[in-house]
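[1] missing the sequence, but the structure's below:
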């Protein structure tokens with residue numbers, strides 16, 4: 001991520017890499033979802049970009065990082081366009097995945113959770129805000145994608161999704177507060193987030209669903 005606060009150049013480059021990896025993963029999921037809805041090329045590009053950068057734009061507006069990096073840094077648009085090309089031209093290989101949209105969505109979730117938390121801390125916000133904005137960064141683009149494509153947002157279903165992002169963001173915040181090795185913390189947080197999401201899908205873990213009693217119907 002193109003961070004706007006002082007810091008070690010190695011740290012800066014690390015989080016740029018993590019953020020662009022998340023952008024690539026979410027952009028592929030957005031492009032695949034747009035293809036499923038049979039949108040034209042512009043539609044695919046637009047949904048890909050919205051999915052990849054929507055959460056980051058919301059985060060940057062909340063913390064006052066203006067203009068949002070997803071708009072001001074050309075690498076995000078370029079990465080989104082590259083992801084759209086991958087989704088179109090490598091579709092036969094991607095289709096070998098069981099649920100490609102969910103896979104790439106889950107992959108990007110962890111990357112964005114740790115980057116969002118890290119950037120919020122860098123702008124001087126407290127632990128609670130950092131964890132919350134880490135989650136917002138991770139889920140915001142997917143929610144925007146699903147709303148535009150007239151799908152029920154994953155975050156509103158019973159699947160373990162936002163919780164996984166919260167865990168990933170919390171690990172990043174804890175790591176920075178405990179002075180863990182910064183070059184390892186984001187990878188660990190992203191991995192744990194991805195593992196929780198993947199295991200939840202595999203074993204059908206989910207949050208409780210509120211059901212009305214017969215008397216209330």
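    Noted; the coordinates are in hand. Quick caveat: nothing in here was measured; it's all calculated off a predicted structure.

[2] Got the phi and psi for the closest residue to residue 83 other than its chain neighbours?
    Spatial nearest neighbour of residue 83, chain neighbours left out: residue 27 (3.3 Å); criterion: C-beta to C-beta, 6 or more residues apart in numbering. Bear in mind the C-beta positions are built from the backbone N, C-alpha and C, glycine included. Per-residue torsions, residue 27: phi -60, psi -40 (degrees, to the nearest 10).

[3] What count of nearby residues applies to residue 27?
    Using other C-beta atoms under 10 Å, the number of residues around residue 27 comes to 31.

[4] okay, it: pLDDT?
    On the pLDDT scale, residue 27 is placed at 97.

[5] just checking, residue 87 touches residue 35?
    Yes: the criterion here is C-beta atoms under 8 Å, and residue 87 meets it with residue 35 at 6.6 Å.

[6] the more surrounded of these two?
    More crowded of residue 87 and residue 35, by other C-beta under 10 Å: residue 87, with 24 against 18.

[7] Run through the residues that contact the more buried one.
    Counting by C-beta atoms under 8 Å, 6 or more residues apart in numbering, residue 87 makes contact with 28, 31, 32, 35, 44, 48, 94.

[8] likewise residue 131?
    117, 166, 169, 170, 173.

[9] swap the cut-off to 10 Å and go again
    Neighbouring residues of residue 131 by C-beta atoms under 10 Å, 6 or more residues apart in numbering: 113, 116-117, 120-121, 125, 165-174.

[10] Least confident secondary structure element in the chain?
    helix 91-94 (a mean of 86; mean pLDDT, DSSP states H and E).

[11] Let's have the contacts of residue 87 in JSON lines, adding distance to residue 138.
    Putting those into JSON lines (distance: C-beta to C-beta, whole Å) gives the following:
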{"residue": "28", "distance to residue 138": "16"}
{"residue": "31", "distance to residue 138": "18"}
{"residue": "32", "distance to residue 138": "18"}
{"residue": "35", "distance to residue 138": "23"}
{"residue": "44", "distance to residue 138": "22"}
{"residue": "48", "distance to residue 138": "17"}
{"residue": "94", "distance to residue 138": "22"}
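
[12] Closest to residue 143 out of those residues?
    For these, the residue nearest residue 143 by C-beta to C-beta is residue 48; the value is 15.3 Å.

[13] Find the helix or strand that the closest one is a member of.
    Per DSSP states H and E, residue 48 falls inside helix 41-63.

[14] wait, residue 15 sits on residue 137?
    No: Residue 15 is not in contact with residue 137 according to C-beta atoms under 10 Å; the separation is 11.9 Å.

[15] Need the residues touching each of these two.
    Common neighbours of residue 15 and residue 137, counting by C-beta under 10 Å, 6+ apart, are 1, 111, 114, 115, 118, 119.

[16] Can you read off the pLDDT for the first one?
    On the pLDDT scale, residue 1 is placed at 40.

[17] related to what we said a few turns ago, can you pull the contacts of the residue nearest to residue 83?
    Counting by C-beta under 10 Å, 6+ apart, residue 27 touches 45, 47-53, 76-77, 79-84, 86-87, 104, 108, 141.

[18] Number of residues surrounding residue 171?
    Residue 171 - counted by other C-beta under 10 Å - has 25 other residues nearby.

[19] what's the helix or strand for it?
    Using DSSP H and E, residue 171 falls in helix 162-177.
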